[in-house]
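[1] Model the following, please.
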Amino acid sequence: MTSNKPLQFVKKRVLHIDPDERYSRQPKDLEKRAKDAVTQTYIEEEPNIREWAQQLIPTRDGFANYMRSLFPSATWIGRYNLHWLMGDTIAGLTIGFVVVPQAMAYALLARLSPEYGLYTSFVGAALYWLFGTSKDIVIGTTAVGSLLVGRVISKVDEARPGIYSHEEIAKSLSVIAGSILLGLGLLRLGWIIEFIPYVPISAFVTAASITIMSTQLPVALGIKGINTREAPYLVILNTLKALGKTRLDATIGLTSIALLFFIRSLCAGMEVRQPHRKRLWVTVASLRLTFTILLYTFISWLVHRNLSETEVKFRIVGKIQAGFKHAGFPKIQGDLLGLIFPELPAIVIILIIEHIAIAKSFGRQFNYTVNPSQEILAQGAANFFGPFVGGYVCTGSFGASAVLSKAGVRTPLAGLVSALILVLALYALTAVFYYIPMAALAGLIIHATANLITPPRSLYKYWQLSPFELFIWIAGVVLALFISLETSIYATIGLSFALLLVRLARTKGRFLGRVHVYRVTAGNVQDENANAAATSSPMHNESNDLDSNVTSVGVPSRDTFLPLDRDDSTNPDISVESPYPGVFIFRFSEGFNYINQAQHMDHLLSFILAHTCRTKTDDGMKARDRLWNDPGPAKGNAEEIVKLPHLRAIVLDCSAVNNVDITSVQGLIDLRNTLDRYTTPSTVEWHFAGVQNRWTRRALAVAGFGYPAADKPEELGHWTPAYTVASSLAGATDDDQRRAAIATMASEVNDEEKHAGSENSSDAGNVEGEAGNGQSSGEMRKKGHGRDGAKSRLAPVTGVDRPFFHIDLVDAVDAAIRDSRKKDGCEVVS
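    Take a look at the predicted model:
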């Protein structure tokens, strides 16, 4: 009750809010009643807004930890050693030679000249070690990312032809995407990626791979005049129609593709045949891209070394500017941003998902933890600062990362070595790059992206795991091939969300029954059961006698609860019974919220009405006074109706429920009111099991749940206070804590010896003598001693002011049955 009188006046007189209204239904003597059962009580402390707000305020230590987490390299750079340096140098050199041709080829997908791919990969390699949390990731150009950039450039060109250069568009896109990623990383919002399921990304990557190969096929064949910005199926059809226009480029393109696949297959076979040389063959396979580009560059040089630029026999890269000639501040214009923004969501989603998926994959493989928020921050830094040296959008590359991992990388610092290789290529090898055949680069792209297509065995696995999600995958690929990649990613994410919402909204809860189960182990009970059966009469073959045999040999038993409809994976021959006539146990399957509350409430009401009868067969209401939708008491077979029990109690298993909302709580209130009218003049007890969230407990308590209603004397009179208690050691000293370990050891040893029927050993007796003079743990607790051997009390585990909130389902059902028996005039079993 509030002590601020002015504020109380405003609430009651002006706003007409009664802060104490919620306590009107709660009995005032709950704590007093609890003292009849336990000597020490506990009143549950409810959460409040101030407590929640204080948790959001960063502490000094929390801020310091946050700042340190921004630079994870600081935690290991001081331990760097020569052994790590050697491994990083070898891995960095290897990946550097792999990235150079790959980056140049992917830049063409982005409709940029090859050097932009080198700029992009340089920035990713130079910055990642400072912010990243994975040793195996390579940030740079990727096929999918470059394809998306190329599509944005094409769309801007169509909307504003000739106004913005490709370089301006790519840089602006990278800066904006980098800013978004930096914001997500700094705010530690990496958990947002969990909203994007795996299937849409898998479908997108497969569709993007097919799209990329379709755009590069005309280049590899030397066919000109194909509009590669059309839907992939049109590009493929137009390419097939133009096969008669194939040029000499096809010789280079097709043979380069064949050579790359041959080298990969050869090295894979040699790894199996010569496992002791696996590292050698892995290195050879990883360098196949570099070898192929160098081979066809040499052939191109032999063909064109004495020819002018207008006399080329097949398309070549041409002149590339040495160094960082395109470095500078990006020019970002408002009109350009307006054209780019509609394409940003799909690009940012793909950049994040592709990178995090790769990082987590290697983290699981090599047993280290990846911080998604920090990885997004590293991505953001590379994308934001990349345009200042000429780069464009970048993310983690699966192919390059796999090569880096197999090359024996030790720390993220290997990226600096590969960055040096890229600088060397930009300043010393641009003259060589002039002769690189475009068909060879196209063949490299086709070979690299072919590995990204989801194989049939993975699709079969999808079918086994979740058939409907396979349909989503197929829909995503079809939409991408016949409409666009953006439509595919949005549609598949939307379908995945729809599937999730349908599961939340339409998954029914289960009514449960009780089963008494036993835990047996091989070679333990069977022999003694056989002996018991051999000495028993034939009548002992009945189930109850078998149960007594199992119990007699000391097999542990307990109650468990299974669905009454048996529509689950348990043995259908097991008998499941109602816990008590008129007591219903209901388990929420997919949480309890505004999406599914109507489904749950309808299911609860219909099932209960079908399996119970009214407390009064005639409610005294005339037909003319009833609502049109109220048929009144059932007029069926009177004998059948009498056989049905009266509704006594409802037990809700909330182990799958964390949060509730206003709609769901209001649904419970409405159902309670409906059932109260159905059972009048009796009442229905509501018991809740497994409610752990303090805000959920508060919400239910405000709605009048969790305790017997003070305005219903019958309910209060039939209630038998029962509490789950445990040993309380409040105020224990350090010496008490020291004795706790000794007492625990002593009680365990003593209980084991009593169970085995052996006498106490001298060592155990010494320990027990210090702890409790050889008393068992149960005897110590009876005398008021805790686990520390010091004087203690039994205290309730949950608040005595919420006696209908139970710690588990067993306690909840036990309490419901006790009160129901009391209502029925039966003897309450203690």
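[2] Just the pLDDT at residue 431, thanks.
    Per-residue pLDDT puts residue 431 at 84.
[3] Check residue 47 too.
    88.
[4] How many neighbouring residues does residue 276 have?
    For residue 276, the neighbour count with other Cβ atoms under 10 Å is 6. Every C-beta, even on glycine, is put in place using the N, C-alpha and C of the backbone.
[5] no, scratch that, I was asking about residue 118
    Residues near residue 118, counting by other Cβ under 10 Å, number 27.
[6] likewise residue 160?
    13.
[7] what about the nearest residue to it once chain neighbours are set aside, which helix or strand?
    With sequence-adjacent residues excluded and distances taken as Cβ to Cβ, 6 or more residues apart in numbering, residue 160 is closest to residue 339, at 6.9 Å. Per DSSP states H and E, residue 339 falls inside helix 334-340.
[8] For that helix, which residues meet the burial criterion?
    336, 339, 340 (16 or more other Cβ atoms under 10 Å).
[9] Show me which of those is closest to residue 446.
    residue 340 (28.6 Å; Cβ to Cβ).
[10] any idea where the strands of the chain begin and end?
    In the chain, strands defined by DSSP state E lie at 139-140, 395-396, 510-518, 557-563, 583-587, 649-653, 685-689, 725-728, 793-796, 805-806, listed in chain order.
[11] what's residue 314 in contact with, if anything?
    Going by Cβ atoms under 8 Å, 6 or more residues apart in numbering, residue 314 touches 222, 247, 248, 249, 252, 300, 303, 437, 438, 439.
[12] Mind checking which of these land in helices?
    Assigned to helices by DSSP state H, the following of the contacts of residue 314 qualify: 249, 252, 300, 303, 438, 439.
[13] For these, pick the one with the most neighbours.
    Sorting the ones in helices among the contacts of residue 314 by how many neighbours each has (other Cβ under 10 Å) puts residue 439 first, at 29 neighbours.
[14] Surely that one and residue 257 touch.
    No. Using Cβ atoms under 8 Å, residue 439 is not in contact with residue 257; the gap is 9.6 Å.
[15] Which neighbours do these two have in common?
    With Cβ under 8 Å, 6+ apart as the test, residue 439 and residue 257 both reach residue 220.
[16] Check the closest residue to residue 600 other than its chain neighbours and give its pLDDT.
    Nearest non-adjacent residue to residue 600, counting by Cβ to Cβ, 6+ apart: residue 509, 5.3 Å away. At residue 509, the model reports a pLDDT of 91.
[17] Could I get the contacting residues of residue 509?
    Neighbours of residue 509 in contact, by Cβ under 8 Å, 6+ apart: 586, 587, 588, 589, 600, 603, 604.
[18] Just put those in a markdown table and tack on pLDDT.
    Converted to a markdown table, the contacts of residue 509 look like this (pLDDT from 0 to 100):
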| residue | pLDDT |
| --- | --- |
| 586 | 96 |
| 587 | 94 |
| 588 | 93 |
| 589 | 88 |
| 600 | 94 |
| 603 | 93 |
| 604 | 94 |
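[19] ok, which pair from those is furthest apart?
    Longest span within the contacts of residue 509, Cβ to Cβ: 589 and 604, 12.8 Å.
[20] the more surrounded of the two?
    residue 604 (21 against 16).
[21] pretty sure the more buried one is touching residue 588, no?
    No. Applying Cβ under 8 Å, one finds residue 604 not in contact with residue 588, separated by 10.4 Å.
[22] In stretch 285-292, which residues are buried?
    Within stretch 285-292, the residues that count as buried by 16+ other Cβ under 10 Å are 285, 286, 287, 288, 289, 290, 292.
[23] As CSV, the residues you listed with distance to residue 355 and pLDDT would be great.
    Output for the buried residues of stretch 285-292, formatted as CSV (distance: Cβ to Cβ, whole Å; pLDDT from 0 to 100):
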residue, distance to residue 355, pLDDT
285, 24, 85
286, 21, 79
287, 24, 83
288, 25, 85
289, 21, 82
290, 24, 83
292, 27, 89
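[24] Which members of the residues you listed occur in helices, if any?
    Those of the buried residues of stretch 285-292 lying in helices (DSSP H): 285, 286, 288, 289, 290, 292.
[25] hang on, the earlier thing: just list the residues touching the residue nearest to residue 160, thanks.
    Contacts of residue 339 by Cβ under 8 Å, 6+ apart are 155, 156, 159, 160.
[26] Mind doing that once more with 10 Å?
    Residue 339 is in contact with 152, 155-160, 163-164, 169, 172-173, 333, counting by Cβ atoms under 10 Å, 6 or more residues apart in numbering.
[27] thinking again about what came up before, tell me the one of the ones in helices among the contacts of residue 314 nearest residue 710?
    Among the ones in helices among the contacts of residue 314, residue 438 lies closest to residue 710 (Cβ to Cβ), at 85.0 Å.
[28] Pull the number of nearby residues for the nearest residue to the closest one once chain neighbours are set aside.
    Nearest residue to residue 438 in three dimensions, chain neighbours excluded: residue 315, at 4.1 Å (Cβ to Cβ, 6+ apart). Per other Cβ under 10 Å, the neighbour tally for residue 315 reads 19.
[29] do you know how far residue 315 is from residue 414?
    35 Å (Cβ to Cβ, to the nearest Å).
[30] count of neighbours near residue 794?
    For residue 794, the tally of surrounding residues (other Cβ under 10 Å) stands at 17.
[31] cool, and the one 4 residues further on?
    For residue 798, the tally of surrounding residues (other Cβ under 10 Å) stands at 19.
[32] so where's the stretch 401-550 of the chain shaky on pLDDT?
    523-550 (pLDDT under 70).
[33] Can you show me the helices along the stretch 351-500 of the chain?
    372-385, 398-406, 414-428, 430-433, 438-450, 456-465, 467-482, 485-506 (DSSP state H, counting those that start in this stretch).
[34] Is it possible to get JSON lines of those helices that adds distance to residue 349?
    Putting the helices of the stretch 351-500 of the chain into JSON lines (distance: least, Cβ to Cβ, whole Å) gives the following:
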{"stretch": "helix 372-385", "distance to residue 349": "12"}
{"stretch": "helix 398-406", "distance to residue 349": "17"}
{"stretch": "helix 414-428", "distance to residue 349": "25"}
{"stretch": "helix 430-433", "distance to residue 349": "33"}
{"stretch": "helix 438-450", "distance to residue 349": "19"}
{"stretch": "helix 456-465", "distance to residue 349": "20"}
{"stretch": "helix 467-482", "distance to residue 349": "13"}
{"stretch": "helix 485-506", "distance to residue 349": "7"}
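[35] Out of the ones you listed, flag the one nearest residue 581.
    Across the helices of the stretch 351-500 of the chain, residue 581 has its closest neighbour in helix 485-506 (30.6 Å, Cβ to Cβ).
[36] helices or strands up against that closest one?
    Judged by 3 or more Cβ pairs under 10 Å, 6 or more residues apart in numbering; DSSP states H and E, the packing partners of helix 485-506 are helix 143-159, helix 198-221, helix 344-366, helix 467-482, helix 597-610.
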